[in-house]
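Undergrad: how would this look folded up:
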Amino acid sequence: MTKLSVNINKFATLRNARGGNLPDIIKAAIDCERFGAEGITVHPRPDERHIKYCDVEQLKPILTTEFNIEGNPIESFIKLVLQAHPAQVTLVPDKHDTITSNSGWDTKENCVFLKETCKIFSSEGIRTSIFVDPDIEIVKYAAETGCNRIELYTEGYAVEYGSNRDRAIERYVKAAEIALRCGLGINAGHDLNLDNLNFFHKSIPGLLEVSIGHALICDSIYLGLENTIHAYLRQLKNY
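TA: Presented below is the predicted three-dimensional model:
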């Protein structure tokens, strides 16, 4: 079974645009779980332009599904994750001025750093995942870091899906096969949506979790949040 983790960053973006507490991030997370989401993902950034560090602190006690915190492992992020103690931390090489994540780690170049970082979290019983491009060498070096999982960065798949879905998925299948041989679990995220999710899910061996935010929350404007989550869950069935 592939779990659906809902990234609630965009709820926070909307709230921060106006100030106040609408939409209520805590209520949004609880509702996502109530409607069937099997995890909640947040991606706090240093400028707190969407999820704030205090949101993370408030979310931890009320969540009943898996909590996944994504981000660049700078000192303040590491401290936040250790305090919140989520089920999973996903390490993403964000630059401070990027709008959204736009690349995976160069695990060969950053192997020592990632190994040290994973050790910090694993020593506290927090599962570690590393955000990577679908590159065989990158996946092999990810395994050297001691992480538990990789998260495949799926923008490339989403961009090419409409023109040639078989070609779009090919690199991801090969990367997943290598990851499994290396003993790594497989997550995925970025630009997955109702059009391309089912094919990805059926094609990738051992896919454990997808993290979806932007597309899901955009769909919920038209379909409603409950209907949207149910629609995404249906895509994670092998039909």
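
Undergrad: average pLDDT for the helix or strand containing Ile150?
TA: Remark: Ile150 resides in strand 149-153, with elements defined by DSSP states H and E. Mean per-residue pLDDT for strand 149-153: 98.

Undergrad: elements contacting it?
TA: strand 127-132, helix 165-181, strand 185-189 (3 or more CB pairs under 8 Å, 6 or more residues apart in numbering; DSSP states H and E). The C-beta positions use only the backbone N, C-alpha and C, and glycine is treated the same way.

Undergrad: got those as JSON lines, with mean pLDDT columns?
TA: Output for the helices and strands packed on strand 149-153, formatted as JSON lines (pLDDT from 0 to 100):
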{"stretch": "strand 127-132", "mean pLDDT": "98"}
{"stretch": "helix 165-181", "mean pLDDT": "98"}
{"stretch": "strand 185-189", "mean pLDDT": "98"}
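
Undergrad: nearest to Leu22, of the ones you listed?
TA: For Leu22, the closest of the helices and strands packed on strand 149-153 is strand 185-189, at 26.5 Å, according to CB to CB.

Undergrad: contact partners of the closest one?
TA: Identification of contacts with strand 185-189 by CB atoms under 8 Å, 6 or more residues apart in numbering yields 7, 41, 90, 129, 148-154, 172, 176, 179-180, 200, 204-212.

Undergrad: then whichever helix or strand comes after the strand holding Ile150 to PDB, C-alphas only?
TA: Proceeding N to C from strand 149-153, the next assigned helix or strand is helix 155-161, under DSSP H and E. Extracted C-alpha coordinates of helix 155-161, given in PDB (Å, rounded to 0.1, in the frame of the first residue of the first chain):
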ATOM      1  CA  GLU A 155       8.800  17.200 -11.500                       C
ATOM      2  CA  GLY A 156      10.600  15.700 -14.600                       C
ATOM      3  CA  TYR A 157       8.100  12.900 -14.700                       C
ATOM      4  CA  ALA A 158       5.100  15.300 -14.400                       C
ATOM      5  CA  VAL A 159       6.500  17.600 -17.200                       C
ATOM      6  CA  GLU A 160       7.000  14.800 -19.700                       C
ATOM      7  CA  TYR A 161       3.900  12.700 -18.700                       C
END
